[in-house]
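Enquirer: kindly generate the corresponding structure for this input.
(one chain, ligands or ions: 2)
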Amino acid sequence: MGVSGCGKSSVGAGLSARSGLPFMEGDRLHPKANVDKMAAGTPLTDEDRWPWLDRIGAEIHKAQRDGGAVIVACSALKLSYRDRLRAAAGGSLAFVYLEGSFELLKQRMAARTGHFMPVSLLESQLQTLASPTGEPGVVTVNIDAALDAIIEAACRGLTAL
Ligand SMILES: Nc1ncnc2c1ncn2[C@@H]1O[C@H](COP(=O)(O)OP(=O)(O)OP(=O)(O)O)[C@@H](O)[C@H]1O
Ligand SMILES: O=C(O)[C@H](O)[C@@H](O)[C@H](O)[C@H](O)CO
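Expert: Ligands and ions are numbered 1, 2, ... in the order given. Coordinates of the predicted model:
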């Protein structure tokens with residue numbers, strides 16, 4: 001979890017490769033209207049996000065019900081969003097929070113190509129973000145490091161929960 005450009009997809013795919021667990025890109029569950037809205041430079045509202053979070057929660061629940069687990073890339077910016085996911089999951093749910101400075105996030109967003117999310121939305125992402133550090137089941141990893149080191153730190157943190 002974390003704001004746009006923090007590395008959710010990259011780290012999620014890396015954790016999936018290491019653990020053998022399936023990876024789900026949360027952005028793919030956004031309704032097209034949400035993606036169009038963000039692409040046009042307008043931040044999503046709670047009302048835009050609830051149905052999307054419920055889709056993600058249902059996928060996590062299904063994986064756990066079937067005796068498995070799934071790694072999901074999801075911004076989960078507010079406590080109320082994370083609690084919605086926790087309630088939907090029904091089982092245990094851990095969060096890896098990828099934390100970074102405005103400058104580094106901006107730099108990573110600006111350097112990537114072919115992504116719908118404009119850099120102009122980073123400020124609103126950070127304004128909406130409520131840090132999860134201190135909530136149960138949260139591993140916080142600073143993103144100012146090589147991808148491998150971030151994945152390693154996330155793995156270590158998750159194992160220690
Ligand atoms: N540790 C890292 N070092 C250097 N570049 C990185 C690192 N982690 C991710 N990146 C790059 O930063 C960009 C953002 O990463 P990524 O797309 O994984 O973030 P994200 O949180 O999934 O973004 P979004 O939510 O906006 O889709 C990508 O171009 C990715 O290759
Ligand atoms: O809750 C949100 O505002 C969204 O999920 C965003 O975080 C983006 O979809 C994502 O970061 C892609 O850039």
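
Enquirer: secondary structure class for the closest residue to Glu59 other than its chain neighbours?
Expert: Counting by Cβ to Cβ, 6 or more residues apart in numbering, Glu59 lies nearest to Met24, which is 5.9 Å off, once chain neighbours are set aside. From N, CA and C alone the C-beta is placed, and that goes for glycine too. For Met24, the assignment made with DSSP: H, G, I helix; E, B strand; the rest coil gives strand.

Enquirer: list the contacts for Met24?
Expert: Contact analysis of Met24 by Cβ atoms under 8 Å, 6 or more residues apart in numbering lists Ile56, Glu59, Val70, Ile71, Val72, Ala73.

Enquirer: which non-adjacent residue is nearest the fifth one?
Expert: The spatially closest residue to Val72, leaving aside those adjacent along the chain, is Met24, at 4.8 Å (Cβ to Cβ, 6+ apart).

Enquirer: which elements pack onto the lengthiest helix in the chain?
Expert: Counting residues, the longest helix found in the chain (DSSP state H) is helix 46-65. Identification of packing neighbours for helix 46-65 by 3 or more Cβ pairs under 8 Å, 6 or more residues apart in numbering; DSSP states H and E yields helix 32-39, strand 71-73, helix 79-89.
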